[in-house]
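Novice: just coords:
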Ligand SMILES: NC(=O)C1=CN([C@@H]2O[C@H](COP(=O)(O)OP(=O)(O)OC[C@H]3O[C@@H](n4cnc5c(N)ncnc54)[C@H](O)[C@@H]3O)[C@@H](O)[C@H]2O)C=CC1
Ligand SMILES: CC(=O)C(=O)O
């Protein structure tokens, strides 16, 4: 499958690098209004390919996206230290107004994968601007927050994060909801697993993990200016689920008809992803506090979108 990546900065290039190393796609095409940057990223990544796969990596114009099965949208500005994702909205909505039409002119059958922040609202904007069905406009949503949650639970329990099944729901942002009530390690609840491993999951431990997940981006941005490896791997995982028609459960963001009473809102819940995009939504069992927090997250996203004139 040919993959387009619009936005050849840190996130776009990390996604392209992960795709090329894993050989997930036959071809990757970078497009950026900084054409020199797109060319440089493509050339640098192409030099990694002989060690790993046979993915062809190039830079081009929008017309070179023709035939792409997936186009990743990673163009736009990122957060400065202390800035929230929602503060990027006006600037990045303008970027999407400039690029979505050009992407669809070249690749009308592509599934759009949105990474640009604030990713849930940008997914909703991309859905409106493209006129595509919501199942084909997928925001990376909380795929990264879920990875951070699994990493920190795994670290606490002394078990591989691949054996941790736990999800972050709602906004990819400050109002996200860590779903503790259904979190499992192997076949056990994380609470029972922790007790058997003699590493009790106290309220203090849970608060530390919550803080580590919710504030990861702020901490990393303070240290190195941006985040890219985690989301790059997450985008590769999504491309793989689509390219191989995996029917894999991933926490991603699409416009849903109703979540916790809020109509037409894009946020993350676990969803099945395959060649057609999102094929099913899976609403996990939540406790009262999680229901309330997911409703608050949905309302915040909807109100923020409604306040934007576009
Ligand atoms: N969804 C997620 O989990 C994550 C999302 N992000 C978001 O991804 C976005 C990109 O972040 P970075 O790659 O770090 O930024 P970056 O500044 O390194 O790259 C952005 C690229 O977009 C290009 N661009 C801007 N406007 C354009 C236009 N109109 N047409 C074509 N290209 C255009 C720029 O030339 C630049 O190369 C940000 O919004 C950031 O917040 C970042 C990390 C995680
Ligand atoms: C920047 C961002 O959205 C993240 O690393 O979560």
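Specialist: Looks like it came in fine. Since we're looking at a predicted model, the values are computed, not measured. Numbers count the residues shown, from 1 in each chain. Ligands and ions are numbered 1, 2, ... in the order given.
Novice: Could you use CA atoms for every contact and neighbour count after this?
Specialist: Noted.
Novice: Roughly how far does the closest residue to residue 232 other than its chain neighbours sit from residue 41?
Specialist: Once flanking residues are discounted, residue 232 sits nearest to residue 15: 3.8 Å by CA to CA, 6 or more residues apart in numbering. As defined by CA to CA, to the nearest Å, residue 15 lies at a distance of 11 Å from residue 41.
Novice: So which of the two has more stuff around it?
Specialist: Under the criterion of other CA atoms under 10 Å, the comparison of residue 15 against residue 41 puts residue 15 first, with 28 against 23.
Novice: Does the more buried one touch residue 237 like I think?
Specialist: No: taking CA atoms under 8 Å as the definition, residue 15 is not a contact partner of residue 237, at 9.4 Å.
Novice: okay, now residue 219: neighbour count?
Specialist: When neighbours are counted by other CA under 10 Å, residue 219 registers 16.
Novice: do you know how far it is from residue 79?
Specialist: Computed with CA to CA, the distance linking residue 219 and residue 79 is 12 Å.
Novice: helix/strand/coil for residue 204?
Specialist: Three-state call for residue 204 (DSSP: H, G, I helix; E, B strand; the rest coil): helix.
Novice: From the structure, what's the count of residues near it?
Specialist: Residue 204: 9 neighbours (other CA under 10 Å).
Novice: Is residue 201 in a helix, a strand, or coil?
Specialist: Secondary structure for residue 201, judged by three-state DSSP, is coil.
Novice: Just the pLDDT for it.
Specialist: On the pLDDT scale, residue 201 is placed at 96.
Novice: these two touch, right, it and residue 193?
Specialist: No: at 9.1 Å, residue 201 does not count as touching residue 193 under the criterion of CA under 8 Å.
Novice: need the residues of the stretch 151-300 of the chain near ligand 1, please.
Specialist: 226, 227, 228, 231 (CA under 6 Å from any ligand atom).
Novice: wait, the stretch 1-150 of the chain
Specialist: Counting by CA under 6 Å from any ligand atom, the residues of the stretch 1-150 of the chain lying close to ligand 1 are 7-12, 32-34, 74-79, 95, 98-99, 115-117, 119, 140, 144.
Novice: Select only the buried ones of those in PyMOL?
Specialist: Filtering these down to the buried ones (16 or more other CA atoms under 10 Å) takes a single PyMOL command:
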select buried, resi 7+8+9+10+11+12+32+74+75+76+77+78+79+99+115+116+117+119+140+144
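Novice: Please, where are all the helices along the stretch 101-250 of the chain?
Specialist: Using DSSP state H, counting those that start in this stretch, the helices of the stretch 101-250 of the chain run over 119-130, 143-157, 190-196, 203-214, 216-224, 229-243.
Novice: which residues are contacting the third one?
Specialist: Going back to what we said before, that points to helix 190-196. Identification of contacts with helix 190-196 by CA atoms under 8 Å, 6 or more residues apart in numbering yields 157, 183, 184, 185, 200, 201.
Novice: now the fourth one
Specialist: Contacts made with helix 203-214 from outside it, assessed by CA under 8 Å, 6+ apart, are listed as 145, 148, 149, 152, 153, 173, 174, 176, 178.
Novice: rerun that using 10 Å as the cut-off
Specialist: Residues from elsewhere that reach helix 203-214, judged by CA atoms under 10 Å, 6 or more residues apart in numbering: 144-153, 155-156, 168, 172-178, 180, 199-202, 215-216, 218-219.
Novice: what's the offset of it from the middle of its chain?
Specialist: Taking the mean of its C-alpha atoms, helix 203-214 sits 21 Å from the chain's own mean (CA atoms, centre = their mean, to the nearest Å).
Novice: from now on call the first residue 506
Specialist: Noted, 506 is the first residue going forward, which turns the last one into helix 708-719.
Novice: picking up where we left off before, list buried residues within the contacts of helix 708-719.
Specialist: Taking 16+ other CA under 10 Å as the criterion, what is buried in those is 649-658, 661, 673, 677-678, 680-683, 685, 705-706, 723-724.
Novice: wait, the residue nearest to residue 737 sits on residue 740?
Specialist: Yes: if you go by CA atoms under 10 Å, residue 520 and residue 740 touch, sitting 5.9 Å apart.
Novice: quick one: residue 576 and residue 690, what's the gap?
Specialist: 34 Å.
Novice: the more surrounded of these two?
Specialist: Per other CA under 10 Å, whichever of residue 576 and residue 690 has more neighbours is residue 576, with 26 against 23.
Novice: Per-residue confidence, that one, what does it come out as?
Specialist: Looking at residue 576, the pLDDT reads 98.
Novice: Residue 521 is in contact with that one, correct?
Specialist: No: counting by CA under 10 Å, no contact exists between residue 576 and residue 521, whose distance comes to 11.2 Å.
Novice: Name the residues contacting each of the two.
Specialist: Listed contacts common to residue 576 and residue 521 are 508, 509, 510, 533, 534, 535; contacts here mean CA under 10 Å, 6+ apart.
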